[in-house]
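> Quick one, structure for this:
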Amino acid sequence: MKKIFVSAAVMCFCLFSAMGTTAGAQETPKHPIDIEVEKRIDADPSTSGMIEASEWAAGEWDKLLNENYNALMKKINKEGQDKLKAAQREWIKYRDLEFDFNANFWGGFEGTMYRVMPFGFKSDFIRNRALELGGYLAEF
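Numbering: from 1, shown residues only. The predicted structure is shown next:
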């Protein structure tokens with residue numbers, strides 16, 4: 001049973017780091033942040049190295065998220081701005097609750113790999129929102 005769960009956890013981590021790709025789909029070019037994270041993990045594949053790379057990435061994705069949000073706010077009308085602002089506030093609440101749950105969940109397991117899981121999740125979660133806002137922005 002424990003082996004199955006460990007395998008599932010590893011698959012979950014791989015899934016988080018590959019979000020947005022599907023089998024048979026044409027692969028899109030990697031974002032520079034993703035490329036840099038891979039370089040950082042290759043340079044230091046230890047648990048602390050992976051955590052540091054994920055924390056760095058989360059910060060970079062958050063910067064991009066804010067850039068995309070601010071640029072989008074300048075391009076949409078007042079009603080759209082009000083709706084985006086409300087949506088982003090609710091997303092932040094959801095994000096914080098999800099981060100709390102995820103850290104609590106993985107914190108209940110023994111082993112160093114479980115220490116990395118919440119950091120990778122956090123980075124990917126913010127990444128998805130940054131790219132989502134960027135997708136809206138690209139429509140202009």
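> tell me what the helix or strand containing Arg127 is packed against?
Using DSSP states H and E, Arg127 sits within helix 112-138. The helices and strands touching helix 112-138, judged by 3 or more Cβ pairs under 8 Å, 6 or more residues apart in numbering; DSSP states H and E, are helix 2-17, helix 47-75, helix 78-107. Backbone N, C-alpha and C define where each C-beta goes, glycine included.
> out of these, nearest to Pro32?
helix 47-75 (8.9 Å; Cβ to Cβ).
> lowest-pLDDT helix or strand in the protein?
Lowest by mean pLDDT, DSSP states H and E among the helices and strands of the chain is helix 2-17, with a mean of 41.
> before we move on, the earlier item: check which residues of the helix holding Arg127 are buried.
By neighbour count on 16 or more other Cβ atoms under 10 Å, the buried set for helix 112-138 is 114, 116-127, 129-131, 133-134, 136-137.
> Ok, stretch 34-41 next?
Residues of stretch 34-41 classed as buried: Asp34, Val37, Arg40, Ile41 (neighbour count, 16+ other Cβ under 10 Å).
> Now flag whichever of the residues you listed is closest to Asp62.
Closest approach between the buried residues of stretch 34-41 and Asp62, by Cβ to Cβ: Val37, at 13.9 Å.
> host element of that closest one?
Counting by DSSP H and E, Val37 is found in helix 32-43.
> Just want the angle from that helix to helix 47-75.
170 degrees (axes from the mean of the first three to the mean of the last three Cα atoms, to 10 degrees).
> Lovely, talk soon.
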